[in-house]
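Participant: Make a model of this:
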Amino acid sequence: MIRRRELAGAAVVVLVLPAARATPALDAALAAALASFCAGAPLREGRVTLDIAPLVENGNTVPVTVAVPDAGPAQVRRLALFTQRNPQPEVAVFTLGPLAGRAAVATRMRLATSQPVVAVAELADGTCWQQRVQVVVTLAACVEGA
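Facilitator: Numbering: from 1, shown residues only. Next comes the predicted model:
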């Protein structure tokens, strides 16, 4: 029994984690949604943190947190979540005001299948920052059509 668990754990490390770390190319719909959100500003890596599990059992409700830890709420205009394979690439947009306690949001989202999830932060100076995480989903949710 212990040997089986060790073999299953090794399989996850060998097969799933490299796929989760790979940064896949963006499809056209996701690229257009990101460009629309950033309004022409270049999308840079860093500053925003996306906390989501790289391997989820069920795509119906996936906990996710987006934050800009080194910025105050007055420095962050909006936080957003995007996905590549959901029916709509723009999952959620959160507008923060100066009275927000911190530049962070926590929510749950649905994932249609294994795909990259992108968190974007638009700062008050007009710059946009992103972090991508490849999420592997074992049971899909929100799939259109039959």
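Participant: State the helix or strand in which the residue most central in space within the chain lies.
Facilitator: Nearest to the mean C-alpha position of the chain, counting by Cα atoms, centre = their mean, stands V117 at 3.1 Å. Following DSSP states H and E, one finds V117 within strand 115-123.
Participant: if we can go back for a sec, contacts only, for the residue nearest to the centre of the chain.
Facilitator: Each residue near V117 by Cβ atoms under 8 Å, 6 or more residues apart in numbering is listed here: L50, I52, V64, L81, F82, T83, M109, L111, R132, V133, Q134, V135. All C-beta spots, glycine's among them, are computed from the backbone N, C-alpha and C.
Participant: again, but for R44
Facilitator: So R44 contacts T127, C128, W129, Q130 (Cβ under 8 Å, 6+ apart).
Participant: Just give the closest residue to the first one, not the sequence neighbours.
Facilitator: Just to be clear, that refers to T127. Distances taken as Cβ to Cβ, 6 or more residues apart in numbering place A41 nearest to T127, at 6.2 Å, with adjacent residues excluded.
Participant: Tell me if I'm right that that neighbour and G126 touch.
Facilitator: Yes - contact status for A41 versus G126: in contact at 5.7 Å, counting by Cβ atoms under 8 Å.
Participant: So which of those two has more stuff around it?
Facilitator: The neighbour comparison of A41 against G126 (other Cβ atoms under 10 Å) goes to A41, with 15 against 11.
Participant: Next secondary structure after the helix or strand hosting L79?
Facilitator: Using DSSP H and E, L79 maps to strand 76-83. Downstream of strand 76-83, the next assigned helix or strand under DSSP H and E is strand 90-95.
Participant: Partner strands of whichever helix or strand comes after that next one and their direction?
Facilitator: Sequence-wise, the next helix or strand downstream of strand 90-95 (DSSP H and E) is strand 104-109. In the sheet, strand 104-109 lines up against strand 62-67 (antiparallel) (DSSP bridges).
Participant: how about the partner strand: buried residues?
Facilitator: V62, V64, V66, A67 (16 or more other Cβ atoms under 10 Å).
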